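Novice: Below is the structure, and that's it, no one-letter string:
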Ligand code: XUL
Ligand code: CO
């Protein structure tokens, strides 16, 4: 039976580019074949439980603006929340969702009570997944909201907090496995520091490395088939976070022997906070072989803060999806809307409008990127730019067959005097604009 929260709004369908219905797709036709796959399978959209159902509309200057009938600390509230959430997934035709333990269940008076609350909700989620066909893209543990985690989870100076965090992750991995989740995510909002004056960096790195190894060991022990993902972010809430960006995470994984076990979940807003383009982070993860999934959203470029807005910039998103496509597309990963309404967007329909718009813009951007890729509009030129490296002598230099002295000798003997060539940046930018 419907909760009635969304009134008489009908499921959102594809109506084509000419439609002016705010609750319709203009570009996202889930069955359209692009790059040999249905759009639904290319994009693998997921709704983030925390932003849409747990966040109350507060900001640093004011509290709750949303009035939702499921706000409260009881299991009945949590059940109503689950009912509305799955109604929304179905109205949107979103194939996946993602959640933290704390989004879904009330906090208990003890660890055991919190775990039991989670298990009860997981049973409800499992039944709803079966009814609706909606699946879990990833599960995760909230190791940052409760005051016990204020000085870190794995990196806490208190070993009891490390243990509590480990127990929490175990319960969330169990939940994710039970729900058939495609991935398990770790985002370390408090794994970092507020001040170096009270921090032992070396020790905290070792603690975090051991913690992640425990997670990977447990994955094999229980036979979880999904991918373990780390979500990089440079700061916020902590002044400095150890999973700063993709390059930093890769160094951490190498240091702890995990570069073949763990991949990354890359978020647009986090890339911007780290001083990178979203596509930079995606391209680097591909180059390092650790690309996993994306958190799609948009930062306000003026605020310098993680504003988690719904994505709406087609040209920027097309370049991001271009990197996803170049890397072979999503395998276990997908497009999770780690995005929240603005706090004045009070109406139930605003939740649907926001997601439908985000899905539509992603579809439009993905199709532009797919065409750019198929036409080799950029890649043929990139290949040409590096063509000199195909020569035998160039290959010999790279493969260790030439010493520095031998290379120097050849430069003099052949009077090598390289002539610079145009990088053609404006031409390439103009080409991209023809597609987006
Ligand atoms: C916080 C953030 C998290 C993670 C999951 O900035 O992105 O919501 O995605 O913990
Ligand atoms: Co995120």
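Specialist: Structure's in. What do you need? A quick note: this is a predicted structure, and the numbers were derived from the prediction, not measured. Ligands and ions are numbered 1, 2, ... in the order given.

Novice: Any buried residues in stretch 271-282, and which?
Specialist: Neighbour-count burial for stretch 271-282, counted by 16 or more other CB atoms under 10 Å, picks out 271, 272, 273, 274, 276, 277, 278, 279, 280, 281, 282. Every C-beta, even on glycine, is put in place using the N, C-alpha and C of the backbone.

Novice: go on, stretch 142-154?
Specialist: By 16+ other CB under 10 Å, the buried positions in stretch 142-154 come out as 142, 143, 144, 145, 149, 151, 152, 153, 154.

Novice: residues making contact with that stretch?
Specialist: Contacting residues not belonging to stretch 142-154 are listed as 50, 100-103, 107, 156-158, 161-162, 164-166, 168-169, 187-192, 204, 207-208, 210-212, 237 [CB atoms under 8 Å, 6 or more residues apart in numbering].

Novice: for the top helix by length along the chain, packing partners?
Specialist: Ranked by residue count, the top helix of the chain under DSSP state H comes out as helix 348-374. Applying 3 or more CB pairs under 8 Å, 6 or more residues apart in numbering; DSSP states H and E, one finds that helix 348-374 contacts strand 33-34, helix 39-43, strand 45-48, helix 75-92, helix 314-326, strand 335-337, helix 425-435.

Novice: now the helix or strand just after it: how far from the chain's centre is it?
Specialist: Taking DSSP states H and E as the definition, the helix or strand that follows helix 348-374 towards the C-terminus is helix 379-385. What separates the centre of helix 379-385 from the centre of its chain is 29 Å, taken as CA atoms, centre = their mean, to the nearest Å.

Novice: how about the residues of the stretch 251-400 of the chain near ligand 2?
Specialist: 267, 295, 338 (CB under 5 Å from the ion).

Novice: Kindly report the residues of the stretch 1-150 of the chain close to ligand 1.
Specialist: For the stretch 1-150 of the chain, the contact set with ligand 1 under CB under 6 Å from any ligand atom comprises 100, 140.

Novice: what sits against whichever residue of the stretch 1-150 of the chain sits closest to ligand 1?
Specialist: Nearest residue of the stretch 1-150 of the chain to ligand 1: residue 140, at 5.0 Å (CB to the nearest ligand atom). Applying CB under 8 Å, 6+ apart to residue 140 gives the contacts 98, 99, 100, 172, 184, 185, 186, 187.

Novice: Name the member of those residues that has the highest neighbour count.
Specialist: residue 99 (31 neighbours; other CB atoms under 10 Å).

Novice: In the sheet, which residues pair with it? Tell me.
Specialist: Beta-bridge pairing of residue 99, defined through DSSP bridges, involves residue 139.

Novice: And the contacts of residue 140, which is closest to residue 433?
Specialist: Distances from the contacts of residue 140 to residue 433 were compared by CB to CB; the smallest belongs to residue 98, at 33.4 Å.

Novice: contacting residues for the closest one?
Specialist: Shown in contact with residue 98 (CB under 8 Å, 6+ apart): 46, 47, 48, 49, 136, 137, 138, 139, 140, 185, 336.

Novice: From those, pick the one nearest residue 411.
Specialist: For the contacts of residue 98, the residue nearest residue 411 by CB to CB is residue 185; the value is 49.8 Å.

Novice: What distance do you get for the nearest residue to the closest one once chain neighbours are set aside to residue 244?
Specialist: When the adjacent residues along the chain are set aside, residue 185 lies closest to residue 140, with 4.2 Å between them (CB to CB, 6 or more residues apart in numbering). For residue 140, the distance to residue 244 under the criterion CB to CB, to the nearest Å works out to 19 Å.

Novice: Equivalent analysis for residue 402, please.
Specialist: Distance, residue 402 to residue 244, by CB to CB: 36 Å.

Novice: what does residue 120 give?
Specialist: Applying CB to CB, the value for residue 120 to residue 244 is 37 Å.

Novice: contacting residues for the closest residue to ligand 2 within the stretch 101-250 of the chain?
Specialist: Scanning the stretch 101-250 of the chain for the residue nearest ligand 2 gives residue 231, at 5.4 Å (criterion: CB to the ion). For residue 231, the contacting residues are 185, 186, 187, 243, 264, 265, 266, 267, 270, 295, by CB under 8 Å, 6+ apart.

Novice: Closest to ligand 1 out of those?
Specialist: Distance to ligand 1 across these (CB to the nearest ligand atom) is lowest for residue 187, with 3.6 Å.

Novice: The closest one against residue 233, yeah?
Specialist: Yes - contact status for residue 187 versus residue 233: in contact at 6.8 Å, counting by CB atoms under 8 Å.

Novice: count of residues packed around residue 216?
Specialist: Neighbour count of residue 216, defined by other CB under 10 Å: 16.

Novice: and it, what element?
Specialist: When secondary structure is defined using DSSP H and E, the element that contains residue 216 is helix 201-222.

Novice: Show me what whichever helix or strand comes after that helix is packed against.
Specialist: Tracing the chain C-terminally past helix 201-222 and defining elements by DSSP H and E, one meets strand 227-230 next. With contacts defined as 3+ CB pairs under 8 Å, 6+ apart, the secondary structure elements packing on strand 227-230 are strand 183-186, helix 201-222, strand 262-267, strand 291-296.

Novice: mind listing what's buried in stretch 12-29?
Specialist: For stretch 12-29, using 16+ other CB under 10 Å, the buried residues are 12, 14, 23, 24, 25, 26, 27, 28, 29.

Novice: now stretch 120-134
Specialist: For stretch 120-134, the buried set under the neighbour-count rule, 16+ other CB under 10 Å, comprises 121, 122, 124, 125, 128, 129, 134.

Novice: just checking, which of those belong to helices?
Specialist: Using DSSP H to define helices, the subset of the buried residues of stretch 120-134 located there is 121, 122, 124, 125, 128, 129.

Novice: May I see those organised as CSV, with distance to residue 355 and pLDDT added?
Specialist: Formatted as CSV, the entries for those read as follows, by distance: CB to CB, whole Å; pLDDT from 0 to 100:
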residue, distance to residue 355, pLDDT
121, 22, 99
122, 24, 99
124, 22, 98
125, 19, 99
128, 18, 98
129, 19, 99
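
Novice: low pLDDT regions in the stretch 51-200 of the chain?
Specialist: By pLDDT under 70, the stretch 51-200 of the chain has no low-scoring segment.

Novice: Which positions in it make contact with ligand 2?
Specialist: Where proximity means CB under 5 Å from the ion, the stretch 51-200 of the chain presents no interface facing ligand 2.

Novice: now stretch 365-379: how far from the chain's centre is it?
Specialist: On the basis of CA atoms, centre = their mean, stretch 365-379 is displaced by 22 Å from the centre of the chain it belongs to.
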